[in-house]
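Trainee: With the sequence up front, the predicted model follows.
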Amino acid sequence: MSTTPSRSDPTESAPTSSIFTAAVTLSETEPEHFDIAYLATTQPCPWPKAYGGDLVAAAAAAVMRTVPDGATGKSLQSMHSYFMRPADIGAEVRYEVELLRDGRGYSTRQVRAFQNGKPIYVALASFAAGEPGATFAPGVPDAPEPETLPSSAEYLSGRQGGTMTEESKAYWGGGRSFDMRHVDGPVYLEVEGERVPHQALWIRPYDALRPVPGLTRPQRDLAALAYVCDYTILEPILRVLDLPWAQPGLVTASLDHAMWFHRIPEEGDTDGWLLYAQEAGHIDAGRGLGHGRFFTRDGLHLATVAQEGMVRAA
């Protein structure tokens with residue numbers, strides 16, 4: 001099967017957010033193991049396996065479809081995931097949801113993803129109605145305005161190095177649905193900036209996010225955060241180890257992933273710039289732990305991410 005980056009509509013001449021939309025568009029099917037089942041198709045990428053955020057976002061869409069936010073007042077609060085096997089690219093994945101509990105204030109779901117008859121991903125998801133109480137959130141880090149920073153496409157234009165192919169450059173520069181601008185300099189061809197265990201980047205969809213069948217606007221926006229978070233969460237680890245993505249022999253893989261959704265994005269939040277502040281938590285035994293926080297441009301803390309990944313360098 002082809003792994004050539006696609007924008008879903010070959011007539012579109014500029015990058016769009018349509019790949020994300022396709023990733024979280026599910027169709028209902030008969031369950032084989034649990035209560036409810038959906039099918040989704042993994043999206044193109046220039047690697048041997050599907051993008052991990054593709055699975056997380058599709059799983060989030062699957063569980064959110066079983067807890068209608070308008071009817072219950074509950075929204076996705078957290079997801080805790082394990083990646084067990086790589087997923088084929090451009091192929092169907094079956095997401096089966098088990099309805100574990102529906103209480104007055106909280107609901108719990110389990111979702112397992114199957115491909116080629118084997119489980120490839122599993123997650124537990126919690127939904128909460130919320131209640132009045134004290135609030136605290138970390139301050140947003142200082143960062144230059146996103147308009148002053150080069151896009152990935154602008155940075156990669158005319159550059160060569162390592163294992164970065166033209167196909168990879170097209171994907172990193174316009175095939176991920178989101179414009180990503182590194183505050184500290186990217187780590188595509190070389191590690192730019194200091195070899196420190198932290199970085200930040202501005203993220204925005206190439207165009208306004210499209211409606212997703214079966215999801216409300218707030219649910220779609222939470223799925224968008226789940227989708228985009230995995231692209232760069234291991235980069236602080238690569239930065240401190242001085243390993244760019246194009247390093248020959250570099251192999252990375254998502255092992256487990258946790259995400260907490262602190263507030264529902266307001267209308268337009270995820271169509272605008274979000275600051276994604278990240279740091280390396282620990283590196284040892286061929287694994288690295290990354291942390292990340294999403295902030296709106298006016299400083300509201302939307303979500304927190306933690307992920308451990310395998311990092312192998314030849």
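Mentor: Arrived safely. Small disclaimer: the values here were computed from a predicted structure and weren't measured.

Trainee: alpha carbons only for contacts and neighbour counts from here, please
Mentor: Will do.

Trainee: buried ones in the least confident helix or strand in the chain by mean pLDDT?
Mentor: Across the helices and strands of the chain, the lowest-confidence element by mean pLDDT, DSSP states H and E is helix 69-72, at a mean of 79. Buried residues in helix 69-72, counted by 16 or more other C-alpha atoms under 10 Å: 69, 72.

Trainee: again with stretch 237-248
Mentor: Applying a neighbour-count criterion of 16+ other C-alpha under 10 Å, one finds 237, 238, 239, 240, 242, 243, 244, 245, 246, 247 buried in stretch 237-248.

Trainee: Check stretch 103-118 too.
Mentor: The neighbour-count criterion (16+ other C-alpha under 10 Å) identifies 106, 107, 108, 109, 110, 111, 112, 113, 114, 115 as the buried residues of stretch 103-118.

Trainee: Could you do stretch 271-284 as well?
Mentor: Neighbour count says stretch 271-284 has 271, 272, 273, 274, 275, 276, 277, 278, 279, 280, 281, 283 buried, by 16+ other C-alpha under 10 Å.

Trainee: Break down the chain into its strands, ranges please.
Mentor: 27-29, 36-41, 75-83, 92-102, 106-115, 118-128, 178-182, 198-205, 251-261, 274-284, 287-296, 301-312 (DSSP state E).

Trainee: Tell me which of those strands sits nearest to residue 47.
Mentor: Using C-alpha to C-alpha as the measure, strand 251-261 is the one of the strands of the chain that comes nearest residue 47, at 10.4 Å.

Trainee: Point out the other helices and strands that that closest one packs with.
Mentor: Based on contacts counted as 3 or more C-alpha pairs under 8 Å, 6 or more residues apart in numbering; DSSP states H and E, the elements that strand 251-261 packs against are strand 75-83, strand 301-312.

Trainee: can you put those in JSON lines and add mean pLDDT, distance to residue 129 and mean neighbour count?
Mentor: Putting these into JSON lines (pLDDT from 0 to 100; distance: least, C-alpha to C-alpha, whole Å; neighbours: other C-alpha atoms under 10 Å) gives the following:
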{"stretch": "strand 75-83", "mean pLDDT": "98", "distance to residue 129": "6", "mean neighbour count": "22"}
{"stretch": "strand 301-312", "mean pLDDT": "97", "distance to residue 129": "16", "mean neighbour count": "21"}
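
Trainee: Residues in a beta bridge with the residue nearest to residue 76 when sequence neighbours are not counted, which ones?
Mentor: Closest residue to residue 76 apart from its sequence neighbours, by C-alpha to C-alpha, 6 or more residues apart in numbering: residue 127 at 4.4 Å. When assigned by DSSP bridges, residue 127 has beta-bridge partners residue 76, residue 107.

Trainee: ok, residue 34 - how many residues close by?
Mentor: Residue 34 sits with 15 neighbouring residues when counted by other C-alpha atoms under 10 Å.

Trainee: any low-confidence regions in this structure?
Mentor: For the chain, the stretches with pLDDT under 70 are 1-13.

Trainee: give me that answer again for 50
Mentor: Scanning the chain for pLDDT under 50 picks out the ranges 1-12.

Trainee: Looks like residue 234 contacts residue 309 (just checking).
Mentor: Yes - here residue 234 reaches residue 309: they are 7.0 Å apart, a contact under C-alpha atoms under 8 Å.

Trainee: Now for these two: what residues contact both?
Mentor: In the contact map built from C-alpha atoms under 8 Å, 6 or more residues apart in numbering, the residues linked to both residue 234 and residue 309 are 288, 289.

Trainee: For residue 24, grab the count of nearby residues.
Mentor: Neighbour number of residue 24 under other C-alpha under 10 Å is 30.

Trainee: same question, the one 5 residues further on
Mentor: Neighbouring residues of residue 29 were enumerated by other C-alpha under 10 Å; the total is 13.

Trainee: does it have beta-bridge partners, and which?
Mentor: Assigned bridge partners for residue 29, using DSSP bridges, are residue 37.

Trainee: and residue 25, what are its phi and psi?
Mentor: phi -90, psi 110 (degrees, to the nearest 10).

Trainee: ok, now how distant is it from residue 239?
Mentor: For residue 25, the distance to residue 239 under the criterion C-alpha to C-alpha, to the nearest Å works out to 34 Å.

Trainee: Kindly report the same for residue 86.
Mentor: The separation that residue 86 has from residue 239, given C-alpha to C-alpha, amounts to 25 Å.

Trainee: is it possible to export the strands of the chain to JSON lines including distance to residue 59?
Mentor: Written out in JSON lines, the entries for these read as follows (distance: least, C-alpha to C-alpha, whole Å):
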{"stretch": "strand 27-29", "distance to residue 59": "13"}
{"stretch": "strand 36-41", "distance to residue 59": "9"}
{"stretch": "strand 75-83", "distance to residue 59": "9"}
{"stretch": "strand 92-102", "distance to residue 59": "7"}
{"stretch": "strand 106-115", "distance to residue 59": "7"}
{"stretch": "strand 118-128", "distance to residue 59": "8"}
{"stretch": "strand 178-182", "distance to residue 59": "20"}
{"stretch": "strand 198-205", "distance to residue 59": "20"}
{"stretch": "strand 251-261", "distance to residue 59": "12"}
{"stretch": "strand 274-284", "distance to residue 59": "22"}
{"stretch": "strand 287-296", "distance to residue 59": "20"}
{"stretch": "strand 301-312", "distance to residue 59": "16"}
